[in-house]
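*Asks:* model the following, please.
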Amino acid sequence: MINNYGFAKFVCGHCGREVVSDKSIGTKQRNHCPFCLWSKHVDDQVSGDRKSDCYGDMEPIALTFREEGVDKYGKKRQGEIMLVHRCIKCQKISLNRIAGDDDEDEIINIYNKSLGLPIIDLRYPILKENDATELYRQLGKS
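*Replies:* Predicted structure coming up:
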């Protein structure tokens, strides 16, 4: 729900904390909790469409980097960190951009837990051990 001041406001279905976030923190569609990083299955086909009829809780199971193309020298640019969510009701996998107010320690916890996951067929591969340096760099923890 967006209030008159342009802030998203909802209560997290997983941890129960109230979430109030300003659109200026890096994401236009806030549908994950910045504290526990769980989400709600609200989108159907396209991010932000809000057309899903599932509404299951979506567990953050891994991280990936968004593909960003190449720079002017032909070198691949590293994309931003994305959360990989899996709906506990219907098993749909979706990707969500992290936001500036997301708990960085929880992001790292998700990364560490995901290292033992089997391969998930995604458009982008989940982060592995050799991605730690870039993950920490993007989180400002290098």
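*Asks:* against residue 128, how distant is residue 62?
*Replies:* In this view, residue 62 and residue 128 are 10 Å apart by CB to CB, to the nearest Å. To be clear about C-beta, it is placed using only N, CA and C from the backbone, and glycine gets the same treatment.
*Asks:* those two: who's more crowded?
*Replies:* Under the criterion of other CB atoms under 10 Å, the comparison of residue 62 against residue 128 puts residue 62 first, with 23 against 12.
*Asks:* and the strands in this structure?
*Replies:* Ranges of strands within the chain are 7-11, 18-22, 39-40, 57-70, 76-87, 93-97, based on DSSP state E.
*Asks:* which secondary structure elements does the lengthiest helix in the chain sit against?
*Replies:* Longest helix in the chain, counting residues (DSSP state H): helix 104-114. Applying 3 or more CB pairs under 8 Å, 6 or more residues apart in numbering; DSSP states H and E, one finds that helix 104-114 makes contact with strand 57-70, strand 76-87, helix 132-138.
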